[in-house]
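In: Sequence first, predicted model second:
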Amino acid sequence: MTALSHKQRVVITIGGAFIALMFLFPPFKYYGRHGAAGYGFIFDSLTRFRLDLSTPSIVTESNGEVYIDTVRLFVQCAFVGMLTAGIVFLMGKRD
């Protein structure tokens, strides 16, 4: 096993930064309705909406309950993780 090159570390850092941004701006979905409620800054969303501590939901004034779409967030993170790992692997084969 060889150490990672500088380029590989840069790719891993960029992939990690994208994953961190996905957690900071997660996808939201409406409770009981199909369809997405969009993306939003996690801390801004918690202050803009009333947080219901009895359930893991955020209640808006007009749109009903909004949840973080954990399935879509997981799929996005898995895709970026696999893409990053693939790029790092391919860069390692060249050296």
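Out: Yep, that arrived.

In: which residues of this protein fall in strands?
Out: In the chain, the strands defined using DSSP state E lie at 27-30, 36-39, 50-52, 57-59, 65-68.

In: Pretty sure residue 25 sits against residue 19.
Out: No: look at residue 25 against residue 19 with Cβ atoms under 8 Å: they stay out of range, at 11.4 Å. All C-beta atoms are positioned from the backbone trio N, CA, C, and that covers glycine.

In: Counting by contacts, list what the longest helix anywhere in the chain packs against.
Out: Ranked by number of residues, the top helix in the chain under DSSP state H is helix 70-94. Packing contacts for helix 70-94, counted by 3 or more Cβ pairs under 8 Å, 6 or more residues apart in numbering; DSSP states H and E, involve helix 6-24, strand 27-30.

In: how does this structure divide up, domain by domain?
Out: Per the record, the chain has its domains at 1-26+69-95, 29-67, by automatic domain parsing.
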